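J.: how would this look folded up:
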Amino acid sequence: MGLLSQEQVDEALREGLSGWVRDGDAITRSVQAESFMDGIGFVRRVAEAAEEMNHHPDIDIRWTTVTFTLSTHSEGGLTENDLTLARRIDSLAP
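T.: Below is the predicted model:
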């Protein structure tokens, strides 16, 4: 697989991963849902996509705010799998 360079991550964040920010060896994004149950539904859709990819995000749910943190722990940082999952999360966002 292989870690992405800082330049590759910066480019991805500039060109299509709006709302995502670098946080050390991870990227993170918070999404505001209309209601708690809408947020839970969103989490379920992301969980299904993550399971298909066999690449799972850290998820924090705070009432109607859902925060995703992506990093490939086995590689010690960001890989293409993280960018792919971020794009998938974006496509599922309410």
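J.: in the helix ranked longest in the chain, what counts as buried?
T.: For the chain, the longest helix by residue count, based on DSSP state H, is helix 36-53. Across helix 36-53, burial judged by 16 or more other C-beta atoms under 10 Å covers 39, 42, 43, 46, 49, 50. Every residue, glycine included, has its C-beta placed from N, CA and C.
J.: rounded mean pLDDT for it, please.
T.: In this model, helix 36-53 has a mean pLDDT of 98.
J.: just checking, next helix/strand downstream of it?
T.: Heading C-terminal from helix 36-53, the first helix or strand you meet, by DSSP states H and E, is strand 58-62.
J.: list the helices and strands that next one packs on?
T.: helix 36-53, strand 65-70 (3 or more C-beta pairs under 8 Å, 6 or more residues apart in numbering; DSSP states H and E).
J.: so what strands line up beside that strand?
T.: Neighbouring strands of strand 58-62 in its sheet, by DSSP bridges, are strand 65-70 (antiparallel).
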